[in-house]
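Asks: Take a look and give me a structure for this.
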Amino acid sequence: MVHFSEFNHAAAHQVTPLLSACVHIPSWIDTLSQQRPYASAQNLMDLAAQQSQNWTWTEIETALATHPRIGEKKAKVELTEQEANFSDREQSGVKQDEYTQRALFEGNVAYEQKFGFIFLIKAAGLSSEQILCALQQRLQHDLETEKKIVHEQLAAIALLRLSQGIQA
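Replies: All right, here's what the predicted structure looks like:
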């Protein structure tokens, strides 16, 4: 966690790791870094939310590679310690019993086969049952609907991580 004033006045290379741990979208990271200093943490959060609306699907797909599947600890690429901590905290409500692991695995496989990318959900505060229910519902969507939902979920995760990473 970084104090807001430190974030505001640090060199760009010092804030990049925190922003990258929120989401691996270089345009978002660069914009948030370059617009410093911010008048308040809320101004930072507002710009972060606004900029997340501009993400392209290509940027989102690239960022998905840095997210572990729900119920798994490893992503396709190696996570930094900060990213792993964020992910562990976000998935704290996911039970690791055999039934849940199997259901999540099977659901993830079906989802990836249908859509071509991982199932992404802002898991913070959700139980494994709620996540499984959402996964089953979202398997009924068409590709365009699901791309919109993934965009919203990725933005929500990035904003949550940013709010947790910056101390006002």
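
Asks: how much space between the residue lying closest to Pro26 once chain neighbours are set aside and Gln140?
Replies: Distances taken as CB to CB, 6 or more residues apart in numbering put Glu59 closest to Pro26, at 7.9 Å, once the chain neighbours are dropped. (Each C-beta comes from the backbone N, C-alpha and C, glycine too.) Computed as CB to CB, to the nearest Å, the Glu59 to Gln140 distance reads 26 Å.

Asks: ok, the two, which is more surrounded?
Replies: Neighbour tally, Glu59 and Gln140, criterion other CB atoms under 10 Å: the higher count belongs to Glu59, 18 against 9.

Asks: Least confident secondary structure element in the chain?
Replies: Across the helices and strands of the chain, mean pLDDT, DSSP states H and E gives its lowest value to helix 81-90, namely a mean of 64.

Asks: what's downstream of it, the next helix or strand?
Replies: helix 98-115 (DSSP states H and E).

Asks: name the helices or strands packed onto that following helix?
Replies: helix 128-138 (3 or more CB pairs under 8 Å, 6 or more residues apart in numbering; DSSP states H and E).

Asks: follow-up on the earlier one: residue contacts, the residue nearest to Pro26?
Replies: With contacts defined as CB atoms under 8 Å, 6 or more residues apart in numbering, Glu59 is in contact with Ile25, Pro26, Ser27.

Asks: Quick one: which of these is the most crowded by neighbours?
Replies: So for those (other CB under 10 Å), the most neighbours sit at Ile25, 24 neighbours.

Asks: residues touching that one, list them.
Replies: Contacts of Ile25 (CB under 8 Å, 6+ apart): Trp55, Glu59, Ile60, Thr62, Ala63, Ala158.
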